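J.: Output the structure for:
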Amino acid sequence: MTVTNEHGMPRLSGLSGPPKPQGTSAPPASALHEPSTPTGALPVTSHVVPPVSVPVSVPVAAPVAPASSWPGHAAEPLDVPAELTLRCLDLLADVSRTGRRLRRAELENLRTLGERGAECGHGLRDLVSHFLDATRQAWQTLPSLTSAATATELRRTGDAVLAATQSALGALGEGHERAQRRAMRLEESNRREFIDDLLNGRGDLSVLAERAERFGVHLAAGYTVAVAIGERPYVDGQIGRCRILSELCGRFDERTVLLAARDGRLICIAPDGAQSVLEAFTDLALRPGPGPNPAMAHRVASGRRHAGTGGVVRSYEEALSTLEYAERLALPAKRLRAEELLVFPVLMRDRAAMADLVRSVLGPLTAARGGARPLLETITVQSEAGYVNAETARRLGVSVRTLGYRLERIHTLTGYDPSDALHRYTLETAVMGARLLEWPARPL
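T.: So this is what the prediction gives:
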């Protein structure tokens with residue numbers, strides 16, 4: 001039930017006094033404060049309505065956390081995009097009020113956040129997009145922008161916010177790139193260690209097979225190894241090696257390319273069905289292309305295809321043996337395959353027999369004037385020229401008459417006639433053996 005006063009208006013709670021007792025009349029309020037009214041005049045009653053306090057709901061902006069209290073220190077860590085959004089709002093609100101630049105600790109925190117984003121699989125473009133979205137959302141509600149009274153204040157605050165955004169994005173990108181470089185170095189180190197263990201054939205086979213699967217290598221399949229030796233040793237991180245690796249990865253599947261520098265040599269391992277990888281590797285090693293100080297290969301040799309856990313090791317050893325034989329024999333070819341030089345491991349398998357062949361067939365040539373070396377060179381060049389005397393003389397830089405004299409001396413001293421097919425084969429084999437044994441520089 002609504003309680004009203006004597007004028008019919010609702011009585012305000014808290015303003016009305018205790019109820020008046022029945023039969024008692026209280027003097028009016030005007031009689032207490034005003035003089036009495038003259039006789040015959042109408043009484044004037046003054047109604048004073050006290051002010052009423054009505055509660056008004058005024059929105060109060062939530063306090064912004066200081067820049068040092070990052071969300072990453074909460075009990076439950078946020079994901080990188082959400083944490084990046086909160087950090088952006090926190091920093092920009094503080095910068096808009098103070099106009100300051102970002103502190104060193106804040107920039108380092110942003111770099112750390114960029115690293116975390118890279119480790120969680122977030123691309124740099126996504127992180128920058130999240131940061132700019134948060135900046136755009138916060139732009140209309142930044143304290144100093146909304147309370148700016150003049151264009152100068154607005155321009156000053158906007159410049160400070162944009163400068164902070166630029167610094168924050170730079171730090172975020174630095175952290176992301178730092179994580180990428182660290183991951184690349186770790187991957188390169190693991191790959192190099194795996195290739196070393198693979199070429200040495202050492203380590204637990206189960207562990208090696210597990211690591212091989214990570215790099216796309218199936219040990220049960222067949223593999224071929226190519227080795228390049230350069231004018232100067234190959235080292236990890238060399239410009240030429242990086243160019244060759246980038247070219248191969250651009251042409252072929254990255255998981256089919258295993259490239260490493262080892263003992264000053266450049267090694268490429270290719271699986272079955274990827275012989276084009278070895279051909280491209282050979283072309284790039286011999287002709288690296290323009291650039292500062294290109295690492296050009298002197299010779300490239302490849303082993304035979306072998307399967308199984310030890311297949312890579314066998315092919316690698318054959319490629320090294322091919323390079324060694326080519327160096328000893330001074331072969332002019334720059335591209336060699338182990339199949340082309342299989343006769344030399346057979347000949348050198350019995351070193352004593354080869355030394356006896358050289359001693360008995362070519363030993364008498366030491367009695368010639370000028371020693372045995374010019375006559376050995378004559379036999380070698382004549383074999384390479386297809387036993388055409390004119391071409392042989394041209395390559396030796398002598399006249400055909402001088403060549404005829406040398407061939408006669410060889411026949412007289414050794415008893416073997418270069419024009420006879422069987423004698424020719426014996427002389428060629430003995431000369432190859434002399435090269436492998438480094439005779440006559442080294443005594444037999």
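J.: What residues sit buried inside the host helix or strand of residue 283?
T.: Using DSSP states H and E, residue 283 sits in helix 275-286. Buried residues in helix 275-286, counted by 16 or more other Cβ atoms under 10 Å: 277-278, 280-282, 284-286. No exception for glycine: its C-beta is placed from N, CA and C like everyone else's.
J.: what do you get for stretch 393-402?
T.: Per 16+ other Cβ under 10 Å, stretch 393-402 contains these buried residues: 393, 396, 398.
J.: Tell me the first helix or strand C-terminal of the helix or strand bottoming out on mean pLDDT in the chain.
T.: Every helix and strand of the chain was ranked by mean pLDDT, DSSP states H and E. The lowest is helix 29-33, at a mean of 40. Downstream of helix 29-33, the next assigned helix or strand under DSSP H and E is helix 80-98.
J.: At the geometric centre of the protein, which residue sits there?
T.: residue 184 (3.6 Å; Cα atoms, centre = their mean).
J.: three-state assignment of that residue?
T.: helix (DSSP: H, G, I helix; E, B strand; the rest coil).
J.: OK, contacts around it?
T.: By Cβ atoms under 8 Å, 6 or more residues apart in numbering, no residues touch residue 184.
J.: Which pLDDT value goes with it?
T.: Per-residue confidence at residue 184 stands at 75 (pLDDT).
J.: Where do the strands of the protein begin and end?
T.: Along the chain, the stretches classed as strands by DSSP state E are 222-230, 258-262, 265-271, 297-302, 306-307, 335-337.
J.: Which among those strands is found nearest to residue 90?
T.: strand 258-262 (46.5 Å; Cβ to Cβ).
J.: Strand partners (parallel or antiparallel) of that closest one?
T.: Note on strand 258-262: by DSSP bridges, its sheet partners are strand 265-271 (antiparallel).
J.: what's the average pLDDT for the strand it pairs with?
T.: 87.
J.: what sits up against that strand?
T.: Contacts for strand 265-271 (Cβ under 8 Å, 6+ apart): 195, 198-199, 217-218, 221-230, 233-234, 241, 244, 248, 256-261, 277-278, 281, 285, 295, 297, 312, 316.
J.: out of those, which are buried?
T.: 195, 198-199, 217, 222-230, 234, 241, 244, 248, 256-261, 277-278, 281, 285, 295, 297, 312, 316.
J.: is residue 301 in a bridge, and if so with what?
T.: residue 227, residue 336.
J.: pLDDT value on it, please?
T.: In this model, residue 301 carries a pLDDT of 94.
J.: who touches residue 272 in this structure?
T.: Here residue 272 is in contact with 221-223, 305 (Cβ under 8 Å, 6+ apart).
J.: For residue 278, see how far away it is.
T.: According to Cβ to Cβ, to the nearest Å, residue 272 and residue 278 sit 11 Å apart.
J.: and residue 438, what does it touch?
T.: Contact analysis of residue 438 by Cβ under 8 Å, 6+ apart lists residue 328.
J.: so how far is residue 301 from it?
T.: Residue 438 is 20 Å from residue 301, by Cβ to Cβ.
J.: cool, and residue 223?
T.: 15 Å.
J.: repeat for residue 109
T.: 54 Å.
J.: and if you look at residue 402?
T.: For residue 402 relative to residue 301 (Cβ to Cβ), the value is 36 Å.
J.: okay, now residue 164: neighbour count?
T.: 22 (other Cβ atoms under 10 Å).
J.: Tell me the spatial nearest neighbour of residue 249, not counting adjacent residues.
T.: residue 257 (5.8 Å; Cβ to Cβ, 6 or more residues apart in numbering).
J.: Contact partners for that neighbour?
T.: So residue 257 contacts 245, 248-249, 268, 270, 277 (Cβ under 8 Å, 6+ apart).
J.: Dump those into a markdown table; add distance to residue 95 as well.
T.: Shown next, in a markdown table, are the contacts of residue 257 (distance: Cβ to Cβ, whole Å):
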| residue | distance to residue 95 |
| --- | --- |
| 245 | 44 |
| 248 | 48 |
| 249 | 43 |
| 268 | 53 |
| 270 | 56 |
| 277 | 54 |
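J.: tell me which of those is nearest to residue 124?
T.: residue 249 (21.0 Å).
J.: Which pLDDT value goes with the closest one?
T.: Model confidence at residue 249, given as pLDDT, is 77.
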